[in-house]
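**Student:** what would the 3D arrangement of this be:
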Amino acid sequence: MTGAAAEMKQLANARERVRAAARGTMDRPYFLYVWFLMVTGVVFVFSASYPAAGRPDSMLLPGNPYKYLSQHSLFVAIALAVMLLTSIVPPTVMRRSAKWLFAGALLLMALALFSPWGVTRGGAARWLDLPLLPEFQPSEFAKIAFILLAASLLARKDEGTAEAGTSFGWVLLISGLVAGVLLLQRDQGMATIFVTLALGLLLLAGMNMRWLIPIGLALCAGGIALAIHEPYRLRRLLAYLDLERASPDDRYHILNMLIAQARGGITGMGLGMNTDKWSSLPAAHTDSIFSVIASEMGLVGGLVIIAVFALLAWQGVRIASRATTPFGFYVAMGVTVMLTVQALAHVAVNTACMPVTGLTLPFISGGGTSLISASIGAGLVLGVSRCRSGGGS
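**Tutor:** All right, here's what the predicted structure looks like:
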């Protein structure tokens with residue numbers, strides 16, 4: 001067989017694998033878990049936001065209590081479509097475009113920091129307001145691009161086309177690069193998510209613990225040092241360690257989230273009945289939405305949400321374990337680690353198990369960028385599940 005004929009046969013085989021993958025059935029339990037969380041988000045974004053949205057403005061014009069409900073419902077529809085479309089993109093296409101997606105995400109993060117289109121909120125320059133586009137947070141999309149690029153690099157190790165040390169080094173380099181930009185944006189919470197994600201992928205890829213543990217400890221020490229160096233981060237850390245001695249401003253977030261949850265008791269106050277969201281609960285429909293759920297649905301409702309995230313993580317691991325290629329395995333596990341870590345961090349902040357930081361609850365919190373980013377990740381996992389019986393990348 002000539003070289004040209006061999007190449008044509010390989011191309012035909014690749015096309016057949018792509019067609020088979022597109023015909024494959026996506027994992028229904030995973031989709032249903034995501035859909036349940038999205039529907040829950042619609043309900044509680046409205047419940048948490050209508051008091052503030054319905055207030056008259058500074059000109060005493062009436063507010064619109066349905067403002068955030070309509071916005072979030074539109075984002076849910078877009079996110080669902082994006083998730084389903086992502087799930088049918090061939091893994092080969094994702095893998096080839098990983099480095100370009102990462103470069104584009106990094107460029108957008110730099111624009112948020114250095115360009116006139118950057119928007120600073122809460123002291124963090126992490127938003128971008130480009131002409132003809134709604135405001136968005138580039139670091140949310142950078143998480144997906146990072147997972148794809150890291151999965152491609154680690155897959156090369158498993159396929160025998162790169163040395164393990166080289167793959168590990170590149171993953172550490174790109175994660176450090178993103179974390180550095182995030183720290184310049186003063187977004188240490190998101191930088192911590194990236195570092196945790198990188199360490200999780202390196203652990204799954206088989207990095208020797210004698211290297212992984214010192215690296216993890218050094219990064220942890222660096223994070224603490226950065227927190228101590230910034231006065232507002234230090235105050236948050238001290239408030240977390242000793243709530244009683246903290247100033248009223250520093251303990252405000254923690255105290256009001258705990259009070260809201262305490263009001264809910266075991267079975268909750270009832271849907272829409274939480275009173276803290278009217279004035280005292282900070283960022284009720286985004287950063288504090290778990291507190292609203294726990295207040296209105298009680299301990300039972302909070303545990304249901306945690307259980308669904310646990311089921312989503314378990315199903316993600318199952319899908320990864322059945323992946324037909326190393327790239328598919330690392331993509332599915334990377335998304336699973338990302339969603340699980342962010343959900344745990346959100347719940348931990350709301351329950352005073354870690355210092356306050358602004359992280360949304362995936363699929364539930366208000367915010368279009370976060371929702372669409374999480375949905376793209378879920379679509380990648382569903383795409384890996386389609387390839388179980390139809391081939392891979």
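**Student:** where in the stretch 51-200 of the chain is pLDDT low?
**Tutor:** Segments of the stretch 51-200 of the chain classed as low confidence (criterion: pLDDT under 70) are 57-60.
**Student:** can you give me the strands for it?
**Tutor:** 118-121, 124-128 (DSSP state E, counting those that start in this stretch).
**Student:** quick one: residues in contact with stretch 302-310.
**Tutor:** Counting by CB atoms under 8 Å, 6 or more residues apart in numbering, stretch 302-310 makes contact with 33, 36-37, 40, 261, 264, 290, 293-294, 297, 339-340, 343, 347, 361-362, 364, all of which sit outside it. For the C-beta atoms, the positions are set from N, CA and C on the backbone; glycine is no exception.
**Student:** run a quick neighbour tally on A81.
**Tutor:** A81 is surrounded by 13 other residues when neighbours are defined as other CB atoms under 10 Å.
**Student:** quick one: it from Q137, how far?
**Tutor:** 20 Å (CB to CB, to the nearest Å).
**Student:** how about V347?
**Tutor:** Distance from V347 to Q137, counting by CB to CB: 21 Å.
**Student:** ok, now V349?
**Tutor:** For V349, the distance to Q137 under the criterion CB to CB works out to 18 Å.
**Student:** ditto for R251
**Tutor:** According to CB to CB, R251 and Q137 sit 27 Å apart.
**Student:** with neighbour numbers in mind, choose between these two.
**Tutor:** Applying other CB under 10 Å to R251 and Q137 shows that Q137 carries more neighbours, namely 25 against 22.
**Student:** ok, now which ones touch K143?
**Tutor:** Neighbouring residues of K143 by CB under 8 Å, 6+ apart: I193, F194, L197, M338, S373, G377.
**Student:** from these, which land in helices?
**Tutor:** Those of the contacts of K143 mapping onto helices are I193, F194, L197, M338, S373, G377, per DSSP state H.
**Student:** which two from these end up farthest apart in space?
**Tutor:** F194 and G377 (13.8 Å; CB to CB).
**Student:** among the two, which residue is more densely surrounded?
**Tutor:** Neighbour comparison, F194 and G377: the larger count goes to G377, with 26 against 23 (by other CB under 10 Å).
**Student:** can you give me phi and psi for the residue nearest to L154 when sequence neighbours are not counted?
**Tutor:** With sequence-adjacent residues excluded and distances taken as CB to CB, 6 or more residues apart in numbering, L154 is closest to A205, at 4.6 Å. Recorded main-chain torsions at A205 are phi -80, psi 0, according to degrees, to the nearest 10.
**Student:** dump the residue contacts of A205.
**Tutor:** Residues touching A205, when contacts are defined by CB under 8 Å, 6+ apart, comprise L154, K157, D158, A164, S167, F168, V171, Y330.
**Student:** quick one: the nearest residue to the second one once chain neighbours are set aside from M207, how far?
**Tutor:** In other words, K157. With CB to CB, 6+ apart as the criterion, K157 has its nearest non-adjacent residue at 4.1 Å, and that residue is S167. Distance of S167 to M207, computed by CB to CB: 9 Å.
**Student:** what's the closest of the contacts of K143 to A98?
**Tutor:** Using CB to CB, the shortest approach to A98 within the contacts of K143 belongs to G377, at 13.9 Å.
**Student:** ok, now which ones touch the nearest residue to S97 once chain neighbours are set aside?
**Tutor:** On the basis of CB to CB, 6+ apart, the spatially nearest residue to S97 that is not a chain neighbour turns out to be L148, at 7.8 Å. With contact set as CB under 8 Å, 6+ apart, L148 has these partners: M94, R95, S97, A98, L101, F102, V331, L380.
**Student:** which of those fall within helices?
**Tutor:** M94, R95, S97, A98, L101, F102, V331, L380.
**Student:** and the residue nearest to F141 when sequence neighbours are not counted, how many neighbours?
**Tutor:** Nearest in space to F141, with sequence neighbours left out and distances taken as CB to CB, 6+ apart, is A105 at 5.2 Å. Taking other CB under 10 Å as the neighbour definition, A105 ends up with a count of 21.
**Student:** before we move on, what about I266?
**Tutor:** I266 has 8 neighbours, counted by other CB under 10 Å.
**Student:** pLDDT wise, what is T25 at?
**Tutor:** Note on T25: pLDDT of 84.
**Student:** please tell me how far the closest residue to it other than its chain neighbours sits from D27.
**Tutor:** Counting by CB to CB, 6+ apart, the nearest residue to T25 once its immediate chain neighbours are dropped is R386, at 6.9 Å. When distances are taken as CB to CB, R386 and D27 turn out to be 8 Å apart.
**Student:** L113 touches Q185, doesn't it?
**Tutor:** Yes. Because the distance of 5.5 Å satisfies CB atoms under 8 Å, L113 is recorded as touching Q185.
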